[in-house]
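> dropping a prediction and its sequence here:
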Amino acid sequence: MRVFIAVPIEDEARREISSKFEHLREFGAASLKLVESKNIHLTLRFLGELSEEQVEKIREKLREIKFESFVAETGEVGFFPSENYIKVIFVEFISEKVKELKMLVDKKLLESGFPLETDFVPHITVARVKAVKDRETFLNKIRGIKIKKQEFEVNKFLLMKSELTPQGPIYKVLEEFGLNS
């Protein structure tokens, strides 16, 4: 099964993000796929295709994590890998604590045989770009999007399953890991 570890985004923040990008569906300067509002999250770690046994080992390791809940906020709009070659549009996820949580998750995954990941940039993916037809017009449109900063509490992280379908991914929570408040 296709598995990843995520931090959920509160409803109000997801609605704010979705509403600001919805108009891009009809905008002709690029071919893109928006992330559905219900699927908006922060990916702590994408693990890929795993067996049931591997998933169970990961569950056991993640259950060992003890971490305090924390406050995060949304930030500016950005692009991966760069403005010159846009493949992903994202909104910043601002929190030093999420980096600490990510390090703990990575240490537990290392114990399960996964290599460390060193290039973590906390972000919320909002669209995947297939092709840009008019880069300057597209960039100007994206730069004009202003996200109202949303502050929210992070009180859990999730082990998720992703099933890819022609209509888009279907996410299912395999286990929820609460953070102490």
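Arrived safely.

> quick one, what contacts the residue nearest to the spatial centre of the chain?
When the chain is reduced to its mean C-alpha position, the nearest residue by Cα atoms, centre = their mean turns out to be residue 42, at 2.7 Å. Residue 42 is in contact with 6, 7, 9, 93, 98, 122, 123, 124, counting by Cβ atoms under 8 Å, 6 or more residues apart in numbering. Where you see a C-beta, it was placed from the backbone N, CA and C, and this is true even at glycine.

> can you pull the pLDDT of it?
What the model reports for residue 42 is a pLDDT of 97.

> residue 159 too?
Reported pLDDT for residue 159: 98.

> I'd guessed it sits against residue 57; true?
No. Counting by Cβ atoms under 8 Å, residue 159 stays clear of residue 57, with 11.5 Å between them.

> give me the more crowded residue out of these two.
Using other Cβ atoms under 10 Å, the more surrounded residue of residue 159 and residue 57 is residue 159, with 21 against 17.

> next, that one: secondary structure please.
Assigned by DSSP: H, G, I helix; E, B strand; the rest coil, the conformation of residue 159 is strand.

> elements contacting the longest helix along the chain?
Ranked by residue count, the top helix of the chain under DSSP state H comes out as helix 96-111. Judged by 3 or more Cβ pairs under 8 Å, 6 or more residues apart in numbering; DSSP states H and E, the packing partners of helix 96-111 are strand 2-8, strand 41-49, helix 52-63, strand 70-82, strand 151-154.

> and if we set it to 7 Å?
strand 41-49, helix 52-63 (3 or more Cβ pairs under 7 Å, 6 or more residues apart in numbering; DSSP states H and E).

> which parts of it are buried?
Burial within helix 96-111, assessed by neighbour count using 16 or more other Cβ atoms under 10 Å, is assigned to 98, 101, 102, 104, 105, 106, 108, 109.

> from these, pick the one nearest residue 139.
Nearest to residue 139 out of these is residue 98 (Cβ to Cβ; 27.6 Å).

> would you confirm that that closest one contacts residue 124?
No. Applying Cβ atoms under 7 Å, one finds residue 98 not in contact with residue 124, separated by 11.2 Å.

> before we move on, back to that, which of the helices and strands packed on helix 96-111 has the highest mean neighbour count?
strand 41-49 (a mean of 17; mean count of other Cβ atoms under 10 Å).

> okay, the angle between it and strand 70-82?
60 degrees (axes from the mean of the first three to the mean of the last three Cα atoms, to 10 degrees).

> which non-adjacent residue is nearest residue 168?
Excluding its sequence neighbours, the residue lying closest to residue 168 (Cβ to Cβ, 6 or more residues apart in numbering) is residue 36, at 6.4 Å.

> quick one: that neighbour and residue 101, what's the gap?
Distance, residue 36 to residue 101, using Cβ to Cβ, to the nearest Å: 25 Å.
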